[in-house]
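*Asks:* Sequence first, then the predicted structure:
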Amino acid sequence: MTARALQAAAELRERGYAVFEGARSPDDVRRIRDSLATRYAALGSPRTFARPPLEPGPDVEISAVGLVFHQLGKHCGEVAACLLDPEVVASARALLGDDMHLEYTAGIVNDGSRPFFRWHMHVGGVDNEVYRKQQLFPSFTRSERVTMLLYLDDLTRESGELLVFPRRVEDPTRPPFDPAKEHWHGQVALACRSGTAVLLEQNTWHAARPKESSGLRMFVACYFTASYAQRTSWRDHSWRPFAHDSALLRSLL
């Protein structure tokens, strides 16, 4: 357990997020991005925003999030060896426990069609839609889940910065302001280079500014979940066929 991993775990407890610049090398980023780009092109390079959602293929959804490749191992299993960073995983384990598991993975593609992506959080992991629809805002004394966002393109104001509202694990989980408003007093705008991993405690409210640059913006998202968290309705097992490619990934399945 490195000093940086312990520091990141403390940051997640005290402010709800941690940033790892250079979590993946340029070669790893290129490999993951190329894999996603190939699958996106095979779908006909569709518009990446839809409301209501569309399903252009198995475990593929176009929604307000973007074009989402759910259960990423089903689509891009060849990138198993370069998906995770040991220090990022160590920081999540320092917060959630050594026996945490990988609950879910996805690859997301955005063109310029997505408007402001309103404030939201990921309480409940794969079941978060239930919490949102029922307006459930449970309180916590310890963290149960961490979201990792691995950016495969530079994150700038033009490409759609990530907005984060700092909070402690014990703080109330209800939205402090209107989730549809782009500006929240106290928000932090995160801009970073490709290969950066951002960790978010599951109850940290965050949003994304509209993408105004040309080309595509891609990232990988996943949930790391504590063994003591409430059991979810399902779990992503898509990486099991590729576990032999990565001891780190294998330790999370």
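*Replies:* Sure, I can see it.

*Asks:* which stretch of helix or strand covers Asp34?
*Replies:* helix 26-42 (DSSP states H and E).

*Asks:* what element comes up after that helix heading to the C-terminus?
*Replies:* Counting by DSSP H and E, what follows helix 26-42 is strand 54-57.

*Asks:* ok, and for the helix holding Asp34, which residues are buried?
*Replies:* Asp28, Val29, Arg31, Ile32, Arg33, Ser35, Leu36, Arg39, Tyr40 (16 or more other CB atoms under 10 Å). The C-beta positions use only the backbone N, C-alpha and C, and glycine is treated the same way.

*Asks:* Packing partners of it?
*Replies:* Counting contacts by 3 or more CB pairs under 8 Å, 6 or more residues apart in numbering; DSSP states H and E, helix 26-42 packs against strand 67-70, helix 73-76, strand 101-110, strand 217-225.

*Asks:* looking at those, which is closest to Leu199?
*Replies:* Nearest of the helices and strands packed on helix 26-42 to Leu199, taken as CB to CB: strand 217-225 at 8.4 Å.

*Asks:* Which elements pack onto that closest one?
*Replies:* helix 26-42, helix 86-96, strand 101-110, strand 145-151.

*Asks:* could the helices and strands packed on helix 26-42 be laid out in CSV, adding distance to Arg167 and mean pLDDT?
*Replies:* Output for those, formatted as CSV (distance: least, CB to CB, whole Å; pLDDT from 0 to 100):
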stretch, distance to Arg167, mean pLDDT
strand 67-70, 26, 98
helix 73-76, 32, 98
strand 101-110, 21, 98
strand 217-225, 18, 98
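
*Asks:* Dump the ones you listed to CSV, plus distance to Glu14.
*Replies:* Conversion of those to CSV gives the following (distance: least, CB to CB, whole Å):
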stretch, distance to Glu14
strand 67-70, 31
helix 73-76, 33
strand 101-110, 24
strand 217-225, 18
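
*Asks:* Mean neighbour count and distance to Gly57 added to those, as TSV?
*Replies:* Below are the helices and strands packed on helix 26-42 laid out as TSV (neighbours: other CB atoms under 10 Å; distance: least, CB to CB, whole Å):
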stretch	mean neighbour count	distance to Gly57
strand 67-70	23	9
helix 73-76	21	9
strand 101-110	22	13
strand 217-225	24	17
